[in-house]
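Asks: Prediction below, plus the sequence it came from.
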Amino acid sequence: MSFRRPEIIRPPSERSSYFLPITSGCSHHRCTFCNYYYGSKLGIREVHDVKNEIDALALYNKYGIQTPANPEIVYAIAKQWDGRRIFLQDGDALVYPSEKLLEILQYLNEKLPDLDRIAAYTTPQDVLQRDIDELKNLKKAKLGILYMGVESGDEEVLLKVGKGVSYHEIVEAGAKIKEAGIILSVTVILGLDGIKGRQKHSSETARILNDIDPNYVGALTLVLVPGTPLYEKAITGEFHPVSPFHSLEELKTLVENSNFTDCFFSSMHASNYFSIRGRLPYDRERVLKQLEDILSTKDPTLLRPEFLRVL
């Protein structure tokens, strides 16, 4: 079966990158909150097909030449590209076979020698299946940053949402990425255990973030997507979502309990009701004051409207 190019799902920080698909879907595809990947099948793109797209990109980048053999999306993305960064799609591109992945990275560097950095999503499972030398070789080939979903530090929540890994496995995966010299950016989800479990979820999530000590943390807020198991539980009353201000209380717990070496922490994602950003520990007091101010007033006009929130 031919490879089907996935929709562009990428971290906000990769907005100026070229989006190069090497996989489609997600190898895990069991997270109960995720409609984009839940129940999907992993697709692996052939190396020669990836190289053909790299050739087309290099030709366009150097001479502005477009060839009819390539889909229009290649050139639509190339026109917005900063010429410096590549983002490998899709949900966990690091699942791609190791030797072939290294071959693709080396080919990218050969054809586009001015690249600053290559990036990808990964799962903890992908990382744990690779030894440290593999990761270091990928780093040498300019794989400079990996984006990994942590979601929660609460073992019960990880089990309920089908994450497929434990607290300690997530921490181990983060340590391997950092040991390889690759920048680590992680995401967590506010409100993932609803009203009843929000205090434990937020405190345990703060704990796992400290244990990982990543370079970047992005806090998202749960958006219930029709068709997902978690959405169905909300419909039947088995799951009770947090209120917007409850989610900000969770966010405050993460910040006030943070103990990072040097981490850029933000809630700039479009799923969030309120955006904060800062380098922790240096900006902790400023960020906490922002959160304390809005929590003291509980003014709904200061929040992102519900209809503008997307996962």
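Replies: Perfect, I can see it now.
Asks: Would you map the helices across the stretch 151-300 of the chain?
Replies: With DSSP state H, counting those that start in this stretch as the criterion, the stretch 151-300 of the chain has helices at 155-160, 167-179, 198-212, 229-236, 244-256, 284-297.
Asks: of all those, which lies closest to Pro124?
Replies: Nearest to Pro124, of all the helices of the stretch 151-300 of the chain, is helix 167-179, at 3.8 Å by Cβ to Cβ. C-beta coordinates here come from the backbone N, C-alpha and C atoms, glycine included.
Asks: buried residues in the closest one?
Replies: Across helix 167-179, burial judged by 16 or more other Cβ atoms under 10 Å covers 167, 169-178.
Asks: that older thread, who wins for proximity to Asp92 among the helices of the stretch 151-300 of the chain?
Replies: helix 167-179 (11.7 Å).
Asks: which regions of the stretch 1-150 of the chain sit below the pLDDT cut-off?
Replies: Applying pLDDT under 70 to the stretch 1-150 of the chain flags the ranges 1, 36-40.
Asks: before we move on, back to that, so which of the helices of the stretch 151-300 of the chain gets nearest Asp126?
Replies: Among the helices of the stretch 151-300 of the chain, the nearest to Asp126 by Cβ to Cβ is helix 167-179 (8.1 Å).
Asks: Give me the angle between the closest one and helix 198-212.
Replies: 30 degrees (axes from the mean of the first three to the mean of the last three Cα atoms, to 10 degrees).
Asks: Report all helices and strands that helix 167-179 contacts.
Replies: Helices and strands touching helix 167-179, by 3 or more Cβ pairs under 8 Å, 6 or more residues apart in numbering; DSSP states H and E, are helix 124-128, helix 132-140, strand 143-151, helix 155-160, strand 183-190, helix 198-212.
Asks: got the buried residues for the second one?
Replies: Of the residues in helix 132-140, 134-135, 137-139 count as buried by neighbour count, 16+ other Cβ under 10 Å.
Asks: coming back round to it: tabulate the helices of the stretch 151-300 of the chain (CSV), appending distance to Asp262 and mean pLDDT.
Replies: Formatted as CSV, the helices of the stretch 151-300 of the chain follow (distance: least, Cβ to Cβ, whole Å; pLDDT from 0 to 100):
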stretch, distance to Asp262, mean pLDDT
helix 155-160, 27, 97
helix 167-179, 12, 98
helix 198-212, 13, 98
helix 229-236, 34, 94
helix 244-256, 15, 98
helix 284-297, 12, 97
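Asks: who wins for proximity to Ser271 among the ones you listed?
Replies: Nearest to Ser271, of all the helices of the stretch 151-300 of the chain, is helix 244-256, at 9.5 Å by Cβ to Cβ.
Asks: residues making contact with that closest one?
Replies: With Cβ atoms under 8 Å, 6 or more residues apart in numbering as the test, helix 244-256 has contacts from 188, 190-191, 195, 198-199, 201-203, 205-206, 209, 217, 219, 221-222, 242, 265, 267, 272-274, 276, 280, 284, 287-288, 291-292, 294-295, 298, 300, 303.
Asks: Just the buried residues of these.
Replies: Judged by 16+ other Cβ under 10 Å, buried ones among the contacts of helix 244-256: 188, 190-191, 198, 201-202, 205-206, 209, 217, 219, 221-222, 242, 265, 267, 272-274, 276, 280, 284, 287-288, 291, 294, 303.
Asks: show me what contacts Glu134?
Replies: When contacts are counted by Cβ under 8 Å, 6+ apart, Glu134 touches Ser98.
Asks: how much space is there between it and Pro21?
Replies: Look at Glu134 and Pro21: by Cβ to Cβ, to the nearest Å, they are 22 Å apart.
Asks: Then Phe307?
Replies: When distance is defined by Cβ to Cβ, Phe307 is 30 Å away from Pro21.
Asks: Give me the distance between stretch 228-240 and the centre of its chain.
Replies: 24 Å (Cα atoms, centre = their mean, to the nearest Å).
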